[in-house]
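S.K.: all I have is the shape, not the residue letters:
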């Protein structure tokens with residue numbers, strides 16, 4: 001069993017840190033729509049809608065119990081804490097894991113093999129560096145048809161030895177970008193096709209072929225205001241498009 005602080009070569013999950021890929025997501029109607037479609041029994045029906053959800057916050061995640069086969073929609077905190085960590089306050093909590101290394105890095109490999117999950121969203125945000133401008137231009141990314149979609153993730157249980165309380169956390173998996181997303185970043189989240197949900201949540205130890213760039217023609221992207229940079233700006237207007245430059 002691995003002990004000690006978390007690996008130092010991953011960036012700390014922080015609500016205002018925007019250089020990591022997909023550091024914000026939208027969870028408004030999507031989680032509940034997906035739960036209904038897939039017959040998931042959720043105890044989170046009164047969970048608040050989020051239009052600017054950030055790392056360190058609790059988000060709704062789809063998981064499958066390996067023993068019973070039951071699929072559920074549960075709140076987990078964004079920023080992974082491995083079960084073997086002694087003190088999560090003294091280390092880093094990665095919000096992303098690269099598809100190329102998720103199966104072999106000690107930080108992620110156990111969760112990838114046994115504790116995969118799906119983050120249901122209505123969209124996500126990313127930022128583009130613009131020459132001559134100090135602030136990066138934020139973009140919103142969503143499905144062309146407005147439907148919710150699922151991002152591949154991994155989750156962990158960590159137990160506080162002093163209090164006996166369990167802490168459930170997760171990270172999302174990233175892949176190289178498709179043609180559209182390559183215009184603003186060198187990574188994108190691993191968006192799963194709906195036909196692949198059951199397999200991703202299943203008992204297979206390495207469904208690596210599901211981790212691939214999502215087709216560009218099925219998604220859209222538009223510039224939004226830098227108001228999204230502050231997590232407290234959490235309302236539908238955050239999605240309003242801007243016409244020129246950084247608003």
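M.R.: Structure received. Everything numeric here is computed off the predicted structure, so don't read it as measured data. Numbering: from 1, shown residues only.
S.K.: so which residue is smack in the middle of this protein?
M.R.: Nearest to the geometric centre of the chain sits residue 172, at 3.9 Å (Cα atoms, centre = their mean).
S.K.: quick one: strands adjacent to the strand or helix carrying it?
M.R.: Using DSSP states H and E, residue 172 sits within strand 166-175. Sheet partners assigned to strand 166-175 using DSSP bridges are listed as strand 71-78 (parallel), strand 96-98 (parallel), strand 149-159 (antiparallel), strand 188-189 (antiparallel).
S.K.: and the ones you listed, which is most packed in?
M.R.: Here the criterion is mean neighbour count by mean count of other Cβ atoms under 10 Å, and of those the winner is strand 188-189, at a mean of 26. For the C-beta atoms, the positions are set from N, CA and C on the backbone; glycine is no exception.
S.K.: buried stuff in stretch 118-126?
M.R.: 118-126 (16 or more other Cβ atoms under 10 Å).
S.K.: contacting residues around stretch 230-247?
M.R.: Stretch 230-247 is contacted from outside by 15-16, 24, 26, 28, 50-54, 57, 123, 130, 133, 135-137, 140, 222-228, using Cβ atoms under 8 Å, 6 or more residues apart in numbering.
S.K.: tell me the buried residues in that stretch?
M.R.: Neighbour counts over stretch 230-247 (16+ other Cβ under 10 Å) mark 231, 234, 238-239, 246 as buried.
S.K.: on that earlier part again, check contacts around the nearest residue to the residue nearest to the centre of the chain once chain neighbours are set aside.
M.R.: Nearest non-adjacent residue to residue 172, counting by Cβ to Cβ, 6 or more residues apart in numbering: residue 153, 4.6 Å away. By Cβ under 8 Å, 6+ apart, the residues touching residue 153 are 61, 116-119, 170-173.
S.K.: still on that earlier bit, and the strand holding residue 172, how far out from the chain's middle?
M.R.: What separates the centre of strand 166-175 from the centre of its chain is 7 Å, taken as Cα atoms, centre = their mean, to the nearest Å.
S.K.: from the buried residues of stretch 230-247, which shows the smallest pLDDT?
M.R.: In terms of pLDDT, the lowest of the buried residues of stretch 230-247 is residue 246, showing 47.
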